[in-house]
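Undergrad: coords below, sequence missing:
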């Protein structure tokens, strides 16, 4: 069903309805009924039943606060109390907080201030190519408009920068999108319009982030900006400088930031799809690293299989772990020694972490501790080498028995760190030697650590993200890019397809298996 606009409804009246044949009248009635249901559902939405912020609720509708105030008035508790007389000190304090003095930094709104001089383009945009858009279906009777009478002149248009591939290189061209209207045989005039997708609502923001075709940055250029930011770790200011120096394109820092966050918003359904595909995996690598969201300590999680990588930013808790690894997952989990992982039964402990600790203790000052740590290190390395050369699932494997004996001996050491390492190995013994009885399991968690490498470098450069929306966008883009890398897919072409479809209000394209997309 085509969405009816204000211009469509203006054309509908009693005379129009009487002129329609019964079949088309039913189609028009269905469209009007769908519009009425949609508007009614929007009217009934509140912050409790949708993603709208509490500030969008109607203040005149009954709420818990109003019910409490009404009860208080009935009990005679709503009488006004006289205000205390102002002293010179209170009068001076009140004048400092008055609107006339309002120059405090905390009360100043972000962005352009009233009366400030605006900044505009120094040169008008010149279109290199014109793209025409025509309506495909009548908004009233749903008939195809292949042979409809099209208006000779467009009723609207907008400019857009888009990245275009040319042989072994690329360039950024300025496109002009024109939208036309057409008159159906039923007499209804339908106009083509830019598509709109999901909207990310943030409390307090004046202009919400919405996926839409009516924007200055095209899908492929948006994919390019996301790659410069997330994959190549360039700041918004550096991206602006790069575009101006190498492509001759002037984009504001705000437009660049909005385009990157828009790409992350478009990828959210793709991440949900990848999370579902992650659960049937036989072996799952999981790791986390500290992350900062506007100075607040969070954690960047990654769950990766042989063909999927999914990133999340949140707290370091068991609840967050259950959000990533749901009850549908029954395979093997490869992780480090974080305590939240120990609830899962089928788990392989990363031996690289234990080996690094033993290497540090092998250089200890105390001779006894140094010798025991070296012995423990050699036994772990020997066990890994024996399993790599000749797989075995013998529970009485001599390498396993020797490693356990050395760990028991090390628990009696007076060196606190060596004793703690030995106890850590014994307390998590089944996970440490799980690869002995399941030769297909990897002995390290290097796959997850490699997936986090770019994010760790980005954290050191940019100190994390600034908002929850930015964290979601960053994690979603990382998930799509890393999964494309694992599957041998061109991530930028697929990301451009996702942005283009989501801007039209369509579902994201399915994630390809291993087919390399043509650029």
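TA: Everything's here; your move. Quick caveat, the model's predicted, so the values are computed rather than measured.

Undergrad: assumed residue 292 was part of a helix.
TA: No: with DSSP: H, G, I helix; E, B strand; the rest coil as the criterion, residue 292 is assigned strand and is not in a helix.

Undergrad: not counting residues beside it along the chain, what's closest to it?
TA: Take residue 292 and drop its neighbours on the chain: the residue closest to it by CB to CB, 6 or more residues apart in numbering is residue 464, 3.3 Å away. No exception for glycine: its C-beta is placed from N, CA and C like everyone else's.

Undergrad: that neighbour: what's it in contact with?
TA: Contact criterion CB atoms under 8 Å, 6 or more residues apart in numbering gives 291, 292, 293, 294, 298 as the residues in contact with residue 464.

Undergrad: can you give me the strands in the protein?
TA: Residue ranges of the strands in the chain, as given by DSSP state E, are 129-133, 149-150, 156-166, 169-179, 181-183, 189-191, 196-200, 209-212, 283-293, 296-304, 309-314, 332-335, 347-349.

Undergrad: need these in CSV (columns: mean pLDDT, mean neighbour count and distance to residue 484).
TA: Conversion of these to CSV gives the following (pLDDT from 0 to 100; neighbours: other CB atoms under 10 Å; distance: least, CB to CB, whole Å):
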stretch, mean pLDDT, mean neighbour count, distance to residue 484
strand 129-133, 96, 13, 27
strand 149-150, 87, 14, 40
strand 156-166, 95, 16, 17
strand 169-179, 94, 16, 19
strand 181-183, 93, 20, 39
strand 189-191, 93, 22, 37
strand 196-200, 93, 16, 21
strand 209-212, 95, 18, 21
strand 283-293, 94, 20, 18
strand 296-304, 94, 21, 13
strand 309-314, 95, 24, 9
strand 332-335, 95, 24, 22
strand 347-349, 94, 23, 27
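
Undergrad: I'd like those strands as JSON lines, with distance to residue 402 appended.
TA: Conversion of these to JSON lines gives the following (distance: least, CB to CB, whole Å):
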{"stretch": "strand 129-133", "distance to residue 402": "71"}
{"stretch": "strand 149-150", "distance to residue 402": "83"}
{"stretch": "strand 156-166", "distance to residue 402": "59"}
{"stretch": "strand 169-179", "distance to residue 402": "59"}
{"stretch": "strand 181-183", "distance to residue 402": "82"}
{"stretch": "strand 189-191", "distance to residue 402": "79"}
{"stretch": "strand 196-200", "distance to residue 402": "57"}
{"stretch": "strand 209-212", "distance to residue 402": "59"}
{"stretch": "strand 283-293", "distance to residue 402": "27"}
{"stretch": "strand 296-304", "distance to residue 402": "33"}
{"stretch": "strand 309-314", "distance to residue 402": "37"}
{"stretch": "strand 332-335", "distance to residue 402": "24"}
{"stretch": "strand 347-349", "distance to residue 402": "18"}
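
Undergrad: how close does residue 286 sit to residue 320?
TA: Between residue 286 and residue 320 the computed distance is 11 Å (CB to CB, to the nearest Å).

Undergrad: give me the common contacts of these two.
TA: When contacts are counted by CB under 8 Å, 6+ apart, the set common to residue 286 and residue 320 consists of residue 301.

Undergrad: picking that back up, got the confidence number for the residue nearest to residue 292?
TA: In the prediction, the pLDDT value recorded for residue 464 is 92.

Undergrad: follow-up on the earlier one: now for the contacts of residue 464, which pair is the farthest apart?
TA: In the contacts of residue 464, two members sit farther apart than any others by CB to CB. They are 291 and 294, at 11.1 Å.

Undergrad: right, I'll leave it there.
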